[in-house]
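A.B. asks: how would this look folded up:
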Amino acid sequence: MHSHTSKQQRQRHLLALLTREHVASQEELRRRLAARGIRVTQATLSRDIRDLGLARTREGYRPLAATAHPPAPTLARLLREFVSEIVPAGQLILLKTSPGSAQPVALSLDSEQWKEVAGTIAGDDTVLVVTPSLRAGQQVLRRLEHLIRG
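C.D. replies: Numbers count the residues shown, from 1 in each chain. Now for the predicted structure:
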């Protein structure tokens, strides 16, 4: 259980989950969050759904309007908040994150569409960043370190 998961972090995980998966019920949503280490009560989940402006549709939970939920956090913010260690390995880079945070970090990095990043693979607390060359790996490493420093 992530007792240190803040409301904001929990809601980010919730939104990231709903962008990747169709979830038909609150109970299913609660179970999927729990599988990622985020344990919430039904009441808390109901409040999060209301706060984020989500509605249950045929396709699962979705925002009522484009402005109904807070904007996605920036990559820099996610890196500073969740990444505890960056481990370079040639053209690969390993990002160690807090438990349950690898997927939102990888999703944000993928959405940046950096030409030096071939792709990412996310586990629970680790993101593997794949680059096409050693040089690209070094460039990505410098960019990530720069974003974390602010």
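A.B. asks: and the host helix or strand of Ala43, what other elements does it pack with?
C.D. replies: Assigned by DSSP states H and E, Ala43 belongs to helix 42-51. If you count contacts as 3 or more CB pairs under 8 Å, 6 or more residues apart in numbering; DSSP states H and E, helix 42-51 packs onto helix 7-20, helix 26-35. To be clear about C-beta, it is placed using only N, CA and C from the backbone, and glycine gets the same treatment.
A.B. asks: what's in contact with it?
C.D. replies: 7, 10-11, 14, 26-27, 29-30, 33, 40, 61 (CB atoms under 8 Å, 6 or more residues apart in numbering).
A.B. asks: In this protein, what helix or strand scores lowest on average pLDDT?
C.D. replies: strand 60-63 (a mean of 78; mean pLDDT, DSSP states H and E).
A.B. asks: residues of that strand that come out buried?
C.D. replies: Within strand 60-63, the residues scored as buried using 16 or more other CB atoms under 10 Å are 61-62.
A.B. asks: partners of it in the sheet?
C.D. replies: The strands that strand 60-63 pairs with in its sheet are strand 54-57 (antiparallel) (by DSSP bridges).
A.B. asks: Buried deepest among the helices and strands packed on helix 42-51, which one?
C.D. replies: Of all these, helix 7-20 carries the top mean neighbour count, a mean of 18, counting by mean count of other CB atoms under 10 Å.
A.B. asks: between that one and helix 26-35, how many degrees?
C.D. replies: Between helix 7-20 and helix 26-35, the angle formed by their directions is 110 degrees, by axes from the mean of the first three to the mean of the last three CA atoms, to 10 degrees.
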